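[1] got a predicted model here, sequence first, then my questions.
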2 protein chains.
Amino acid sequence: MTIRRLAVIGVGLIGGSLARALRAAGEVGEIVGCGRGRANLERARELGVIDRYTHDVAEAVKDADMVFLAVPLGAMRETFAAIKGHLAEDAVITDGGSAKFSVIDDCRAVFGEVLPSLVAGHPIAGTENSGVEASFAELYRNRRIILTPTEETSDAALQRVRAMWEACGGEITLMSVEHHDEVLAATSHLPHMLAFGLVDTLAQMKENDEIFRYAAGGFRDFTRIASSNPVMWRDVCVANRRALGKMMSHYLNEMQALADTIERGDADQLMEIFTRAKEARDRYIDGVLDSSE
Amino acid sequence: MTIRRLAVIGVGLIGGSLARALRAAGEVGEIVGCGRGRANLERARELGVIDRYTHDVAEAVKDADMVFLAVPLGAMRETFAAIKGHLAEDAVITDGGSAKFSVIDDCRAVFGEVLPSLVAGHPIAGTENSGVEASFAELYRNRRIILTPTEETSDAALQRVRAMWEACGGEITLMSVEHHDEVLAATSHLPHMLAFGLVDTLAQMKENDEIFRYAAGGFRDFTRIASSNPVMWRDVCVANRRALGKMMSHYLNEMQALADTIERGDADQLMEIFTRAKEARDRYIDGVLDSSE
């Protein structure tokens, strides 16, 4: 049994799936859930995802040797504040947030230091659904789990978090905080901005009913991510605004150049751009994902 | 039998599926295929999609009372030129191009007028696959078929093209040429530009291998359309550059405003944008497509 008591702060798809995976692997003793909504926590207990729950973060982390923060990035700081002074001596803290600098920064703001027991992390996994009902033990199987230890992080804490994710079937990658935030800005945060921006552009057109009526199947896939949780994405943008701002600027330059090329009707240049994009997409995406899926 | 002899210029997914659907409906006598590649035409004949084929457009349209142009937009003008002087007296011409102004314009350039027998059209249907092997008789069932008759178009020609698509199970909508091009710029051409631009932006980053390695599932869907045929999209951009240019400009303004909002870390404004986009996407897309799929 690797973990004596796991505290899961935020029992949704991400937190719930971690709990289920560790339970299934026989790697955890007791699991305590914490959150605001009573119905969700009650359901989590019925489903056997958690053993008991509380709405009080301080109580949840009491005697826990592993604390998993699965709250929105905008709620990290207050969660650290609620934890402060209540952690067990051997407690390790990790999280599932999709930006890492802000989590480290929130820890520093609350504790006056980056805790040696904090191992900021990001499982690259998810589904279209949310909430504990959607959670399942296999969510992290063969998925990349990025951990971003800092100079302050203790080796022992890192090893315990690594072992936890390996027990869930995840593939661990270590990365610097800054590099993680850049990679995620490029591959996840920027694409979401494009989708939100596209849908919002069309929604503001006069005949938007008609526009949407003629949107074909590909468009639907494309904009599915614009249907993501606005609170989560607001928090991501604020938390990762440095790296995301840089990517937005690259992208806007590229799109402005493409717009100019279209304006000029420069067929050769268009052919070059589209061919390069198709080749890159086919080579990397299919190569990388087909082999792992 | 509505059609005595159908000439299909370009026997791929679009042209092949039309031929199959009309054959299945018993609405066509003979089907003549025309194209450049011998292997594809030979395969089309083996599959029974066409009865015979030729590489000569003039020969293909001889005695045909219905001519369907399923060539890339960039090949329309030369196709009109090859047809000129060889059409049967009762021939009606229609096409499947995804921009309509340029087709009308190509006709005018070749014939000196917009032929009364030309009914420009656009079936809103397709799959990820291309070529005659991918064609099937049900492709157009319950799909929107936009026809864009002009002042010059004869009523008789319009009725015959309408009847042809109805025999394939399509749902006909009439639209002005200009309006079609705007609607398609918004719902199809612009989204493709975003995807090409995104993939090209990432491909140009230094660590692009790694970037693509961390691209998650949603990103894959999102960029799938960046893998579309570069020749087709070059032609679409050139053919529809007026309407697409306008949409690109709206979109760039929206994205610049979003970038500024992220830069400022304006959480309230971000929440407003993302909520508006999510609501629009959920309301229109799901409402419209769920009821028709």
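    Thanks, I have the structure now.

[2] when you work out contacts or count neighbours from here on, use the C-alpha atoms and nothing else.
    Noted.

[3] report the central residue of chain A.
    A:Ser98 (3.4 Å; Cα atoms, centre = their mean).

[4] hang on, it in a helix?
    No - counting by DSSP: H, G, I helix; E, B strand; the rest coil, A:Ser98 is not part of a helix but coil.

[5] once you drop chain neighbours, what's closest to it?
    Distances taken as Cα to Cα, 6 or more residues apart in numbering or on different chains place A:His122 nearest to A:Ser98, at 5.9 Å, with adjacent residues excluded.

[6] output the below-cut-off pLDDT ranges for chain A.
    Scanning chain A for pLDDT under 70 picks out the ranges A:216-218, A:221-222, A:285-293.

[7] mind jotting down where the strands sit in it?
    Shown for chain A, the strands assigned by DSSP state E span residues A:3-9, A:28-34, A:52-54, A:66-69, A:92-95, A:118-119, A:121-123, A:144-147, A:171-174.

[8] check which helices and strands the last one sits against.
    Right, the one you point to is strand A:171-174. Counting by 3 or more Cα pairs under 8 Å, 6 or more residues apart in numbering or on different chains; DSSP states H and E, the packing neighbours recorded for strand A:171-174 are strand A:144-147, helix A:155-167.

[9] adjacent strands (with direction) for that strand?
    strand A:144-147 (parallel) (DSSP bridges).

[10] give me the contact list for the partner strand.
    With contact meaning Cα atoms under 8 Å, 6 or more residues apart in numbering or on different chains, strand A:144-147 is reached by A:119-125, A:165, A:170-175, A:180.

[11] between these, which is nearest A:Val67?
    A:Val119 (10.4 Å; Cα to Cα).

[12] for the closest one, give me its contacts.
    Contacts of A:Val119 by Cα under 8 Å, 6+ apart are A:92-95, A:147-149, A:153, A:157-158, A:161.

[13] weed out the non-buried ones from those residues.
    A:92-95, A:147-149, A:153, A:157-158, A:161 (16 or more other Cα atoms under 10 Å in any protein chain shown).

[14] distance to A:Arg52 added to those, as TSV?
    Converted to TSV, the buried ones among the contacts of A:Val119 look like this (distance: Cα to Cα, whole Å):
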residue	distance to A:Arg52
A:Val92	20
A:Ile93	20
A:Thr94	20
A:Asp95	20
A:Leu147	28
A:Thr148	30
A:Pro149	30
A:Thr153	30
A:Ala157	25
A:Leu158	27
A:Val161	22
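
[15] what comes up buried for the longest helix along chain A?
    Counting by DSSP state H, the longest helix found in chain A is helix A:241-264. Within helix A:241-264, the residues that count as buried by 16+ other Cα under 10 Å are A:241-248, A:250-252, A:254-255, A:258-259, A:261-263.

[16] that helix near chain B at all?
    Yes - counting by Cα under 8 Å from any Cα of the partner chain, contacts between helix A:241-264 and chain B involve A:241-242, A:245, A:248-252, A:254-256, A:258-259, A:262-263.

[17] what does that helix rub up against?
    Contacts for helix A:241-264 (Cα under 8 Å, 6+ apart): A:181-182, A:185-186, A:189-190, A:237, A:269-270, B:194, B:197-198, B:200-201, B:237-238, B:241-242, B:245, B:248-249, B:252, B:255-256, B:259, B:262-263, B:265.

[18] mind redoing it with 6 Å?
    A:182, A:185, B:197, B:201, B:241, B:262 (Cα atoms under 6 Å, 6 or more residues apart in numbering or on different chains).

[19] now the two most distant members of the residues you listed.
    Among the contacts of helix A:241-264, A:Glu182 and B:Arg241 lie farthest apart (Cα to Cα), at 33.8 Å.

[20] out of the residues of helix A:241-264 next to chain B, which comes closest to B:Glu207?
    A:His250 (14.5 Å).

[21] distance of A:Val92 from B:His179?
    A:Val92 is 60 Å from B:His179, where distance means Cα to Cα, to the nearest Å.

[22] same question, A:Arg43
    51 Å.

[23] likewise A:Asp51?
    In terms of Cα to Cα, A:Asp51 sits 60 Å off from B:His179.

[24] ok, A:Phe111 next?
    60 Å.

[25] okay, buried residues for stretch A:266-275 please.
    In stretch A:266-275, the ones that count as buried by 16+ other Cα under 10 Å are A:267, A:270-271, A:273-275.

[26] including distance to chain B, could the residues you listed go into TSV?
    TSV is the format used below for these (distance: Cα to the nearest Cα, whole Å):
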residue	distance to chain B
A:Ala267	6
A:Leu270	6
A:Met271	6
A:Ile273	7
A:Phe274	5
A:Thr275	6
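
[27] just put these in TSV and tack on distance to A:Phe212.
    Converted to TSV, these look like this (distance: Cα to Cα, whole Å):
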residue	distance to A:Phe212
A:Ala267	29
A:Leu270	27
A:Met271	28
A:Ile273	28
A:Phe274	25
A:Thr275	29
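
[28] of those, which is the nearest to B:Val57?
    A:Ala267 (25.2 Å).

[29] in contact with A:Val92, which residues?
    Per Cα under 6 Å, 6+ apart, neighbours of A:Val92: A:66, A:117, A:157.

[30] try 7 Å
    Each residue near A:Val92 by Cα atoms under 7 Å, 6 or more residues apart in numbering or on different chains is listed here: A:65-67, A:117-118, A:157.

[31] how about A:Gly97?
    Per Cα under 7 Å, 6+ apart, neighbours of A:Gly97: A:70, A:73, A:122.

[32] in space, what's closest to the first one - neighbours in sequence excluded?
    Think A:Ala70. A:Gly10 (4.9 Å).

[33] the one you found is in contact with A:Arg38, isn't it?
    No - using Cα atoms under 7 Å, A:Gly10 is not in contact with A:Arg38; the gap is 11.7 Å.

[34] if you count what's nearby, which of these two comes out ahead?
    Neighbours per residue (other Cα atoms under 10 Å in any protein chain shown) separate A:Gly10 from A:Arg38, with A:Gly10 holding more: 24 against 13.

[35] of the contacts of strand A:144-147 - the most surrounded one?
    A:Gly121 (30 neighbours).

[36] that older thread, what's the closest of the contacts of helix A:241-264 to B:Ala21?
    Closest to B:Ala21, out of all of these and judged by Cα to Cα, is B:Arg241, at 32.5 Å.

[37] what's the local residue count around A:Glu151?
    By the criterion of other Cα under 10 Å, A:Glu151 has 9 neighbours.

[38] how far away is the closest residue to A:Leu69 other than its chain neighbours from B:Ile83?
    The shortest distance from A:Leu69 to any non-neighbouring residue, by Cα to Cα, 6+ apart, is to A:Asp95 (4.4 Å). Distance of A:Asp95 to B:Ile83, computed by Cα to Cα: 67 Å.

[39] ok so, going back, what is the nearest of the buried ones among the contacts of A:Val119 to chain B?
    A:Leu147 (13.4 Å; Cα to the nearest Cα).

[40] contact residues of the stretch 101-250 of chain A facing chain B?
    A:124, A:183, A:186-188, A:191, A:196-201, A:203, A:209, A:211-215, A:219-222, A:226-228, A:230-231, A:234, A:237-238, A:241, A:245, A:248, A:250 (Cα under 7 Å from any Cα of the partner chain).
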